[in-house]
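**Student:** Have a look; sequence and predicted model below, questions after that.
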Amino acid sequence: MKWFFEALKKYAVFEGRARRKEYWYFSLFFMLFAFAILIISQLVRNPWLYPLYVLALFIPSLAVGVRRMHDVNKSGWFILIPIYSLILCFTKGTEGPNDYGVDPKNPEFEEFLNEAETGNPA
C-alpha cells in the first residue's frame, strides 16, 4: 500500500524513474480499489462513483507508467504501444543513472559517482 500512496504523492510527476515495485503495487491497489468501488457503486445504486475514481486516478496512473518507461531508459511515449509497454513494465530497470535520472533502487550510486568526480568524500 506504501507504493500506491507514493505514486499518489507524485500525482503529476512525469520526470524521473519508477521501479517495477512502485508500478506494479500501484496497479494492484488501483485494481483492488476499483473493484471495491464498482461493487459499492452497484450496492448504493450510484453509477458515478466508479467513473469518478477512474478519472481521479487517470493522471497518477499515466505518470507512474511514464516513469516506469523512464526506468528502462525509454521515452514515456512508449506507453502508447500496448504490448511493448507491457513487456517493458516487466523488464528490469537500468542499473545506475540513465537519461531520465538516478536509479530509484540505488540512489547512493549517483552520490558515489559525484564524489568520485569531485574527489571530495562526503
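**Tutor:** Done, it's in.

**Student:** what's the longest helix in this structure?
**Tutor:** helix 20-43 (DSSP state H).

**Student:** what about the closest residue to residue 100 other than its chain neighbours, distance to residue 40?
**Tutor:** In space, and not counting its chain neighbours, residue 100 is closest to residue 70: 3.6 Å by CB to CB, 6 or more residues apart in numbering. Any C-beta I mention is one placed from the backbone N, CA and C, and that applies to glycine too. Here the distance between residue 70 and residue 40 works out to 35 Å (CB to CB, to the nearest Å).

**Student:** do the same with residue 87
**Tutor:** 34 Å.

**Student:** same question, residue 66
**Tutor:** In terms of CB to CB, residue 66 sits 30 Å off from residue 40.

**Student:** between those two, who's got more neighbours?
**Tutor:** residue 66 (22 against 13; other CB atoms under 10 Å).

**Student:** Counting neighbours, which bits of the host helix or strand of that one end up buried?
**Tutor:** Following DSSP states H and E, one finds residue 66 within helix 58-71. Neighbour-count burial for helix 58-71 flags 60, 63-71 (criterion: 16 or more other CB atoms under 10 Å).

**Student:** List the buried residues in stretch 96-105.
**Tutor:** For stretch 96-105, by 16+ other CB under 10 Å, it's 98, 100, 102-105.

**Student:** low-confidence ranges in this structure?
**Tutor:** Flagging of the chain using pLDDT under 70 yields the residue ranges 107-122.

**Student:** Report the beta-bridge partners for residue 101.
**Tutor:** On the basis of DSSP bridges, residue 101 is bridged to residue 98.

**Student:** For residue 21, which non-adjacent residue is closest in space?
**Tutor:** Nearest one to residue 21, counting by CB to CB, 6+ apart, is residue 3 at 6.0 Å.
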